[in-house]
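Chemist: pasted the sequence and its predicted model underneath.
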Amino acid sequence: MYSLNVPVPSSVARLASELAREVPRAQERTRGEHTLVLKRLGQDRSVPRLQAQIREYLAGQPPFEAQVTGIDYFANATNGPSPVVYLTVESPELRRVHEKLVAKFSPVEGMEGDDYSPHVTIARGGDRATTTGLAERSIEPITWTVSRLTVRDARRGEPASSVSLPI
């Protein structure tokens, strides 16, 4: 399975790692795994073909801002352990790019299109009471400019290629 992801700055990854330590018995992301999924791309395409399609679909897309604004959780994950505690991400342009990609690559039901919730996962599973308590905490917003996207290979758990903006 491939996905198109937004790399997050080290300040966001560091915050997610620090917060994960506060969720006992949860599966936290390891260093380098903190990303923001923009669109799942499926598994039937080659990386060069995906990269070419992304360049075509996003031609002229300038860099844009994204901001981590808070903490929330999914009580029941679509897949994997629950609950999932995460950093919320706000960006009108991110949502617009997601919608554009959904029109080209079929949406994953329950996760994309109208159900898309931009986020950076902090941890999965663990104590539900701790997760809900953590979600009530406020954080200082972190803003960054998205100037690059990565095609991520879920089987290998690593980026397979990247695309710089503007395309």
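Modeler: Received the coordinates, thanks.
Chemist: what distance do you get for the nearest residue in space to S91 that is not next to it in sequence to G126?
Modeler: Using CB to CB, 6 or more residues apart in numbering and skipping residues adjacent in sequence, the residue nearest S91 is A66, 4.0 Å away. (Each C-beta comes from the backbone N, C-alpha and C, glycine too.) Note on A66: its distance to G126, by CB to CB, to the nearest Å, is 26 Å.
Chemist: do a quick rundown of the strands in this protein.
Modeler: Applying DSSP state E to the chain gives strands spanning 2-7, 26-28, 35-42, 64-74, 84-90, 119-125, 142-146, 148-153, 158-164.
Chemist: of all those strands, which one is nearest R96?
Modeler: Nearest to R96, of all the strands of the chain, is strand 64-74, at 8.6 Å by CB to CB.
Chemist: is the residue nearest to S91 in a bridge, and if so with what?
Modeler: W144 (DSSP bridges).
Chemist: let me see the contact set for it.
Modeler: 6, 36, 89-91, 94, 118, 143-146 (CB atoms under 8 Å, 6 or more residues apart in numbering).
Chemist: please identify which pair of these lies farthest apart.
Modeler: Maximum pairwise distance in the contacts of A66, criterion CB to CB, is 15.4 Å, between P118 and T145.
Chemist: who's more crowded, these two?
Modeler: Neighbours were tallied for P118 and for T145 using other CB atoms under 10 Å; the higher tally belongs to P118 (19 against 12).
Chemist: tell me who's in contact with the closest residue to the more buried one other than its chain neighbours.
Modeler: Leaving out its chain neighbours, the residue that sits closest to P118 by CB to CB, 6+ apart is V89, at 4.0 Å. Listed by CB under 8 Å, 6+ apart, the contact partners of V89 are 36, 66-69, 118-120.
Chemist: which of these tops the neighbour count?
Modeler: Neighbour max across the contacts of V89 (other CB under 10 Å) = V68, 27 neighbours.
Chemist: verify the stated contact: T78 with M111.
Modeler: Yes. Counting by CB atoms under 8 Å, T78 touches M111, with 5.5 Å between them.
Chemist: what about the two, which has more around it?
Modeler: Taking neighbours as other CB under 10 Å, T78 and M111 compare with M111 leading, 15 against 12.
Chemist: mind pulling up the pLDDT for the more buried one?
Modeler: Model confidence at M111, given as pLDDT, is 88.
Chemist: how about I167?
Modeler: Looking at I167, the pLDDT reads 64.
Chemist: ok, back up a step: lowest-confidence stretch among the strands of the chain?
Modeler: Of all the strands of the chain, strand 26-28 carries the lowest average pLDDT, namely a mean of 70.
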